[in-house]
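>>> Provided below for reference: sequence and predicted model.
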Amino acid sequence: MHKIITVGSWALIILLFLQPGVAHKGAVEGMRIFTTALLPYLLPYLVITQMFIRSQNTFLKSQNKFKLYMNIYFLTAIGGFPSGAAIISSLKEIGTLNDRNASWLLAICHAPSPMFVIGFVGIDIFHAEIAGFKLLIIIHVVNFIFLLLFIFFSRPIQMNTETTKISSSPFQESIKETSQILLLIGTTVVFFTTVSIIVFESVKEVFPSISPLLLVFVASFFEMTGGISLAGEILAGKHMLPVIVALIIAFSGISIHMQIIVLAQKAGISIRRYLLFRVIHMIIIPLIFLLST
């Protein structure tokens, strides 16, 4: 793994040196995505949910596993990723979830925000709001089935014994935690958008006759939003567009994975189940979406 990271780092350094203009273009695009598409939505939601978690609210203080896990899923479904991972990580740190439960919920409670799927994907990419709504329903139905199975087979709730003392100032603590989360999200979005555009332009130069579909996957591998935008441009009007977008969302992109992995590792949550479920999503969700069209 260290050798792969070393080789990849040197490759990126060389590409940055050879294409400084493209690197600047990628960084600017990453900043645009973060400041105009992510920050306005994530900031208020993260502050509110972090403050909600840190208050002594019975909504998240229950020994009834069905009630507790359903409430957690509801919160993560509204915010989408990576704010869902931030909620689960915070609950693990304050002791509401133990290691095992947090690991399962991190894997299951993974879905894009409703505003992103219905608004951006449905209206801007599919040009049909109902198509975005249908994709969102499929994602949550799949997640909900796994959640019910987890609730049914899971042990009674065992709170983490090493609990963190709840702050006497939930608002101040929520602002502090939100700033750290947003810094993580902003950094990864800018970095992987830059890498995506550099690799994208390099592939086009080396292989000028490469399939447009492969270019879409190259862009989507690093950053989901940019990949979906490119798919909407290149595959506009083609029957494969909805399935390709469903596959991109199911994979989510390295940028989002890194955000969630960093949040999980910060709270000491295992990511093995999370990675396994991403593979399952990539198989199930596009297939169901294809069969429903």
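Noted; the coordinates are in hand. Everything numeric in this text was worked out from a predicted model, so none of it was measured.
>>> thought Leu38 was touching Ile181?
No: applying C-beta atoms under 8 Å, one finds Leu38 not in contact with Ile181, separated by 11.3 Å. The way it works is simple: take the backbone N, C-alpha and C, and place the C-beta from them, glycine included.
>>> in terms of neighbours, single out the busier of those two.
Higher neighbour count among Leu38 and Ile181: Ile181, with 24 against 19, using other C-beta atoms under 10 Å.
>>> skipping adjacent residues, who's closest to that one in space?
Spatial nearest neighbour of Ile181, excluding adjacent residues (C-beta to C-beta, 6 or more residues apart in numbering): Ala86 at 5.1 Å.
>>> swap in Leu290?
Nearest non-adjacent residue to Leu290 (C-beta to C-beta, 6+ apart): Val243, at 5.0 Å.
>>> that neighbour and Ile288 touch, don't they?
No: Val243 is beyond contact range of Ile288, at 10.4 Å (criterion: C-beta under 8 Å).
>>> helix or strand right after the strand or helix carrying Met70?
Using DSSP states H and E, Met70 sits in helix 65-79. Stepping forward along the backbone from helix 65-79, the first helix or strand reached (DSSP H and E) is helix 83-94.
>>> for that next one, name the packing helices and strands.
helix 39-54, helix 65-79, helix 99-108, helix 170-206, helix 254-266 (3 or more C-beta pairs under 8 Å, 6 or more residues apart in numbering; DSSP states H and E).
>>> could you give the angle of it to helix 39-54?
Note on geometry: by axes from the mean of the first three to the mean of the last three C-alpha atoms, to 10 degrees, helix 83-94 and helix 39-54 are set 30 degrees apart in direction.
>>> relative to the whole chain's centre, how far out is helix 83-94?
Computed by C-alpha atoms, centre = their mean, to the nearest Å, the chain-centroid distance of helix 83-94 equals 14 Å.
>>> next, the buried residues of stretch 246-255.
By 16 or more other C-beta atoms under 10 Å, the buried positions in stretch 246-255 come out as Ala246, Leu247, Ile248, Ile249, Ala250, Phe251, Ser252, Gly253, Ile254, Ser255.
>>> closest one of these to Ile185?
For those, the residue nearest Ile185 by C-beta to C-beta is Ser255; the value is 8.9 Å.
>>> wait, the closest one touches Val190, no?
No: applying C-beta under 8 Å as the test, Ser255 and Val190 come out as separate, 9.3 Å apart.
>>> buried residues of the helix or strand of the chain with the lowest mean pLDDT, list them for me.
One helix or strand of the chain scores below all others by mean pLDDT, DSSP states H and E: helix 2-18, with a mean of 72. For helix 2-18, a neighbour-count test (16+ other C-beta under 10 Å) marks Leu12, Leu15, Leu16 as buried.
>>> so what's the closest residue to the last one other than its chain neighbours up against?
This means Leu16. Nearest residue to Leu16, sequence neighbours excluded (C-beta to C-beta, 6+ apart): Ala23, at 5.0 Å. Counting by C-beta atoms under 8 Å, 6 or more residues apart in numbering, Ala23 makes contact with Leu15, Leu16, Thr194, Ile197, Ile198.
>>> out of those residues, which two sit at the greatest distance?
Using C-beta to C-beta, these span at most 11.3 Å, a distance reached by Leu16 and Ile197.
>>> check the gap between the closest residue to His257 other than its chain neighbours and Gly232 for me.
Distances taken as C-beta to C-beta, 6+ apart place Arg278 nearest to His257, at 7.4 Å, with adjacent residues excluded. As judged by C-beta to C-beta, to the nearest Å, Arg278 and Gly232 stand 23 Å apart.
>>> tell me the one of the contacts of Ala23 nearest Phe52?
Phe52 has its nearest neighbour among the contacts of Ala23 in Thr194, at 34.2 Å by C-beta to C-beta.
>>> that closest one against Gly26, yeah?
Yes: assessed by C-beta under 8 Å, Thr194 is found in contact with Gly26 at 3.5 Å.
>>> spatially central residue for this protein, please.
By C-alpha atoms, centre = their mean, the chain has its centre lying nearest to Phe81, at 3.7 Å.
>>> gap between it and Leu42?
10 Å.
>>> what of Leu106?
Taken as C-beta to C-beta, the span from Leu106 to Leu42 is 18 Å.
>>> who's more crowded, these two?
Comparing Leu106 with Leu42 by neighbour count (other C-beta under 10 Å), the higher total belongs to Leu106, at 27 against 22.
>>> that one: what's it in contact with?
Counting by C-beta under 8 Å, 6+ apart, Leu106 touches Ala85, Ile88, Ser89, Ile260, Ala264, Ile269, Ile271, Arg273, Tyr274.
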